[in-house]
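Chemist: Structure of the sequence below:
(chains A and B)
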Amino acid sequence: MLKVLFQRFLQLLIVLWGISTLIFFMQRMIPGSPADSVLGADASEIDKLEWLARYGLDLPVWKQYFYFIINLIRGDLGKSYHDFTPVVEIILPRLWQTIQLASVAFIFSLLLATAFGMLSAAKAGKLTDKTSAIVSLLAISAPSFIIGPILMWIFSVKLELFPLFGNEGASSFVLPAVTLGASLAAFSSRMIRSGIVDVLQEDYIRTAKSKGLSPIQILAKHALRNAFLPTLTILGMQLGVLLSGTVITEQIFNWPGLGSLVVEAVQQREYNIVSGCVIVMATIYVFCNLIVDILYRVFDPRVRFS
Amino acid sequence: MTSRFTTKRIIISIISITAIAFAIYQTQKASNENDSANSKEKKNTLSIALDSKIQSGDPRLIGGDANSQYIENLRFLPLIGFDEHGNIQNILIDEITAVSNKSWIITLKKNIKFNNGSLITAADVVATYNAIMNPEKSFPPSPRKAAFNSVTLFKVNSPHEIQINLKDPDASFLNNLVIGILPKDAILNAAPNKINDKGYESGPFILKKTTATDWLLTRNENYNYSSKPKVENIDFKIISDSGTRYAALIRGDLDLVQNSIDPDKVSLIQKSMTDKFQILSAPKLSTTYLAFNFRDPIFSNLKVRQAVAYAIDRRSLLQFRLQGQGSLAKGMFPPDNYFFDNSLPEIQYDQQRAKNLLKESNIQDPITFAIKVSSSNKSTVEVAKAIAANLKEVGFQPTVEMLENSVFLDQVKKGVAQVWLSPWVGFKDPDHLRFVFASNMVAPLGGNRGAYSNQNLDELLQEGREEINPEKRKIIYDQAQQLLSADLPYVYLWHSLNIAIVGKNIEGYKLYADGRYWSLVNVTKN
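Modeler: Now for the predicted structure:
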């Protein structure tokens, strides 16, 4: 296990270097400069140059990159160009908001996927299964910028059941979490369903049946556990999708998280904030995949002992 | 083995379920406590939506961001402000004496106080402006510095008198004295953006709390510039999605939304929700135009520009694309501006005349070009498409190119765009014409992005900049506007309106031409 952790740590370093390099150069390639955003589009060139020099943004790009990497190694992500607050101080509270939302969405989709996956598998080929397939297809196809406003309009504006925007307590999580997790839930439920249907053909299931176990016991105890393994891999990979999905969902529900921060920062050419957010997201993604790997070993002894 | 394994599972399950239940209970408890506190506070709080982040709350660091300026107006008193028509108005200034067209003596009002009880003096004013013009090395450069590049002297004459000298004559200079004044000790001691909770504010409201999505202001109990605000708190909610803003308004989460509800939604409210909302509208300091790049031989041809001007059905566009929320423009200045010239000719929609002018231009090939537009404003994009359709009808072959705002500005300033659609917003002095059309203001030096050049106009605009007598300035700028009207570097489309949707329970709100929220001082919430 230690070897795996060490390998993953090295992978993390490589991924972080790659992603930070990529984002560093991409930001400098797109038109518009932070000076335009801070001083206004019509500020004179002399003022802009003076401002850029103050932040070292007038240096050759390779020099800027060198200082960027050195600061990154020292854990210094820089400061916001607009209000001079350290990027870490800006990112941390927003990250906590995103982690809360993504976790709730993940748990919601996991529970929903398991329930519907099992139900569809138990009723394979019947009306329940077909209906579930159609609903899943709809949820997978509909993007969050469609689902979000619809949910918002029905449950917040018309029925007034949930807050419309922001994080004002537990009930604020419902609509954004459903929006964020709907697609993942639908996708995973189909994965679980096919997994269970395959497993139900296995000999050991027949043995379990002949031993007199109830269908629920067979499904939950034997079939689900084995059908869950491929889904686990998918879930790990989908975490990245979930995190990137927060960008749109947070915009719709005015959620004060990392996704909406990235959008603001890109618009304002806040290089340091964008880099910081992307690095944090990449780190989370790599860690989530590591956790999936560990869980895989827990669930599947063949992997553990190989 | 099996039994031990099962017991372990049961224990883990119990711990997990208890932890989840406890977390939900705590969150819900906190939420309930918040709800009860919130319902009390809601009655005394006016909720207002803003469409983008407030970049900074420190007057030394505020740049071109309008929302930061709006909050600054409410928290820190400046030397001058602007009334609802956009005319200059003394705030901390008691008297201003023009020694020449490049020197002024300013006398301050004597009894205005900061929230901490100390009087606002000339030393505070000079310290604030010096912090912007000559910041300490450890302090970030101020985005406002450029406006004071020509200042040669900004000094204290007496505790309530200041003298300002400029290098060159500039009649528009006083418009720059809008910076919120900070106490001298704040300038000396406060780190960037660390000026809250120190009693440094002097405006009608002080900052109570900020989060990523809210700026909560509360009444300044020591405010003595005018009568104290009637409403206790103002919650500026930053909601960037226009659909969410509209939904929040309809649901009753907001009391006021200004200039950030889509025109079609405003019409909808006007038609079906007048029992819940009042719709206020007033002229805005804004002019939407179609501009030409004079580096392009096609658009440096006057006949082509005239053909474009006559081909656009501005009246229908305004009526149907913008739901009539504006007035047709003859020039840069809106009709209620002092420098508006009513004698300017109005270009009437005339397709036949446009076709004839196009023939007379002697350009044989079909004129293919892109109308560039920033994607940040949905209705402007719609207008660009409609203009392209108008132009196709008379023989042009335009396309519409939507660009992200920074990319749009970058292309326009670099002279890459042939034709572009954009508004100028918030200009208060006619010297704005020099910035936009003078030949020494070609971008990136200034706002002349189409590289337009006219020597007669340059001379008039320089004369207007040096003249401090308003009547004489009016005559000069009338002549300048006539020249521009004949030369057509821009096809002026319309002046937008400030539109505010206000709850029926709100009284006393008044719109200001530059969009500021100054009238919140007089607002009551029933």
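Chemist: going forward, measure contacts and count neighbours with C-alpha atoms only.
Modeler: Will do.
Chemist: Tell me which helix or strand residue B:245 sits in.
Modeler: According to DSSP states H and E, residue B:245 maps onto helix B:242-251.
Chemist: and that helix, does that touch chain A?
Modeler: Yes: on the criterion C-alpha under 8 Å from any C-alpha of the partner chain, helix B:242-251 is in touch with chain A at B:243, B:244, B:247, B:248, B:250, B:251.
Chemist: Show me where the chain dips below the pLDDT cut-off.
Modeler: If you meant another chain, say so; for now it's chain A. Along chain A, segments meeting pLDDT under 70 span A:1, A:301-306.
Chemist: I was thinking of chain B, sorry if that wasn't clear
Modeler: B:1-17, B:20-41.
Chemist: which of the residues of helix B:242-251 next to chain A tops the neighbour count?
Modeler: Counting neighbours by other C-alpha atoms under 10 Å in any protein chain shown, the top entry in the residues of helix B:242-251 next to chain A is residue B:248, with 23 neighbours.
Chemist: Leaving out sequence neighbours, find the closest residue to that residue.
Modeler: residue B:254 (6.1 Å; C-alpha to C-alpha, 6 or more residues apart in numbering or on different chains).
Chemist: Next, the contact list for the one you found, please.
Modeler: B:46, B:47, B:48, B:49, B:248 (C-alpha atoms under 8 Å, 6 or more residues apart in numbering or on different chains).
Chemist: out of the residues you listed, which are buried?
Modeler: Applying 16 or more other C-alpha atoms under 10 Å in any protein chain shown to those, the neighbour count classes B:46, B:47, B:48, B:49, B:248 as buried.
Chemist: element containing the fourth one?
Modeler: Put plainly, it is residue B:49. With DSSP H and E as criterion, residue B:49 is part of strand B:45-50.
Chemist: Can you check what angle separates that strand from helix B:242-251?
Modeler: Counting by axes from the mean of the first three to the mean of the last three C-alpha atoms, to 10 degrees, strand B:45-50 lies at 160 degrees to helix B:242-251.
Chemist: After strand B:45-50, which helix or strand is next?
Modeler: helix B:66-75.
Chemist: for the strand holding residue B:49, the distance to its chain's centre please.
Modeler: Taking C-alpha atoms, centre = their mean, to the nearest Å, one finds strand B:45-50 lying 18 Å from the centre of the chain it belongs to.
Chemist: For residue B:111, which three-state class applies?
Modeler: The local conformation at residue B:111, judged by DSSP: H, G, I helix; E, B strand; the rest coil, is coil.
Chemist: how near is it to residue B:267?
Modeler: Distance, residue B:111 to residue B:267, using C-alpha to C-alpha, to the nearest Å: 46 Å.
Chemist: Looking at those two, which is more packed in?
Modeler: residue B:267 (17 against 12).
Chemist: how much space between that one and chain A?
Modeler: According to C-alpha to the nearest C-alpha, to the nearest Å, residue B:267 and chain A sit 19 Å apart.
Chemist: What residues does that residue make contact with?
Modeler: Here residue B:267 is in contact with residue B:323 (criterion: C-alpha under 8 Å, 6+ apart).
Chemist: Please apply the same query to residue B:406.
Modeler: Counting by C-alpha under 8 Å, 6+ apart, the residues that residue B:406 touches are A:31, A:32, A:33, A:267.
Chemist: Sort out which one of the residues of helix B:242-251 next to chain A lies nearest chain A for me.
Modeler: Chain A lies nearest to residue B:251 out of these, by C-alpha to the nearest C-alpha, at 5.5 Å.
Chemist: Just give the number of residues close to the closest residue to that closest one other than its chain neighbours.
Modeler: Nearest residue to residue B:251 in three dimensions, chain neighbours excluded: residue A:157, at 5.5 Å (C-alpha to C-alpha, 6+ apart). Residues near residue A:157, counting by other C-alpha under 10 Å, number 19.
Chemist: three-state assignment of residue A:157?
Modeler: Classified using three-state DSSP, residue A:157 is helix.
Chemist: Please identify the helix or strand for residue B:95.
Modeler: strand B:93-100.
Chemist: Could you check how far the residue lying closest to residue B:127 once chain neighbours are set aside is from residue B:200?
Modeler: Spatial nearest neighbour of residue B:127, chain neighbours left out: residue B:184 (5.6 Å); criterion: C-alpha to C-alpha, 6+ apart. Separation of residue B:184 from residue B:200 (C-alpha to C-alpha): 10 Å.
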